[in-house]
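>>> Give the three-dimensional model of this entry:
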Amino acid sequence: MSLSRDIAFIALFAAAMVQTIVVLESGVWLNFVMMTLYAALLAQSWNILGGYGGQFSFGHALFFGCGAYAQAVAQVTFGINPWAALVLAVATAAAVGAGVGALTFRYGLKGSYFALVTLAFAEVFRILAVSAGFTGGGVGLMVPLREGIANLQFGSRTGYALLALAFVVAALAATCWLRHSRFGARLQAVRDNEDAARAVGVDPWRVKLGAISLSAAFMGAAGAFYVQVFQYIDPGIAFGPHVSVEALVAAIVGGMGTLWGPLLGAAALHTLADLTRNLFGELPGLNMVIYGSVLVLIVMFMPRGLAGVPHGARAGARWPWRRAAQRPPAPGAAAEERHGA
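The predicted structure follows:
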């Protein structure tokens, strides 16, 4: 798809979502839209590194937590305006991403080794946050309530939903740039074959370093957004594995390495979670069993994710019953059939 078409679709999406958010009056639906956009931001952040860069991270909560704590500490300890704190949170997360990338990629860590190292970094930072005084320790930090746009605090979910939409549109624009820029082409070349990319003059270390910094910046923005919405953060929320899992699962279900896949995955997962919780919430654990089963089916039968369904339909999706129907006859079966005839 061309750059102009991608930009046009992003603009249409943004306009449609603004109209929807402004028109909605139900707090329940506004909260659903806001949290779906928040999950889409997490997934799109992970997709930049995992989908386009091929570097699977199990510890993206590291960047989320750094952004969240930078946002909270800047306001609580230093009295910095939340808008300025937001810039600081994004920059802090990007710097941490660059630091982690410089260490891991310099020594050639990739695949499962890189995934485990990112998970270890997130756990180390969680322990440090519990021990440090300026983070509030295990108690966490409470951001004071000062409602107003100047303080990045809104009286309803409408303002927060629009803020989340702005972050998602920025992430979509960055992903669109990756799809059509020379840097993005280098990043995808490194993902597909790092040795071949190096042979044609691409520096894998610098390319992956840029990707992890960009990915971490958007993850830091998600952390700052969380702090402004819920006005509280603690080490378990900031660096816990649930954030990393939500980011990677939504990206995988929606379709890694695609522009719209993370958004589709986030919408599908949140819709599924709400449906199972509302229908089977009275039966403890059943909603999670159904939720997990559906995820397994999606991964098994939609390897390209939801964004790859149209492509799979055109190519002829290989469902189990189709594989059975297309399986070649056993040796001698054709001869026996002719003999019987």
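>>> As a check, name the ranges of all helices in the stretch 101-250 of the chain.
Counting by DSSP state H, counting those that start in this stretch, the segments of the stretch 101-250 of the chain that form helices are 112-131, 157-180, 182-192, 194-199, 204-230, 235-239, 241-254.
>>> Would you mind finding the most buried of these?
Comparing the helices of the stretch 101-250 of the chain by mean neighbour count (mean count of other CB atoms under 10 Å), helix 204-230 comes out on top with a mean of 25. Using the backbone N, CA and C atoms, a C-beta is placed for each residue, glycine as well.
>>> So what does V309 have for phi and psi?
V309 adopts backbone torsions of phi -60, psi -50, taken as degrees, to the nearest 10.
>>> Can you give me the pLDDT of the closest residue to G138 other than its chain neighbours?
Among residues not flanking G138 along the chain, V130 sits closest, at 5.0 Å (CB to CB, 6 or more residues apart in numbering). Confidence at V130, expressed as pLDDT, is 95.
>>> Look up how far A40 lies from V130.
Look at V130 and A40: by CB to CB, to the nearest Å, they are 30 Å apart.
>>> quick one, which of the helices of the stretch 101-250 of the chain is nearest to V76?
Closest approach to V76 among those (CB to CB): helix 204-230, 10.0 Å.
>>> and the closest one, what does it pack onto?
Using 3 or more CB pairs under 8 Å, 6 or more residues apart in numbering; DSSP states H and E, the elements in contact with helix 204-230 are helix 27-50, helix 61-76, helix 82-106, helix 157-180, helix 182-192, helix 194-199, strand 232-233.
>>> For that helix, what does the pLDDT average out to?
pLDDT averaged over helix 204-230 gives 97.
>>> Please find the angle between the direction vectors of it and helix 61-76.
50 degrees (axes from the mean of the first three to the mean of the last three CA atoms, to 10 degrees).
>>> how far out from the middle of the chain is helix 204-230?
From the chain centre to the centre of helix 204-230 is a distance of 10 Å (CA atoms, centre = their mean, to the nearest Å).
>>> before we move on, what about stretch 284-296?
21 Å.
>>> swap in stretch 223-237?
With CA atoms, centre = their mean, you get 17 Å for stretch 223-237.
>>> what's the first-to-last distance across it?
Stretch 223-237 stretches 10 Å from its first residue to its last (CA to CA, to the nearest Å).
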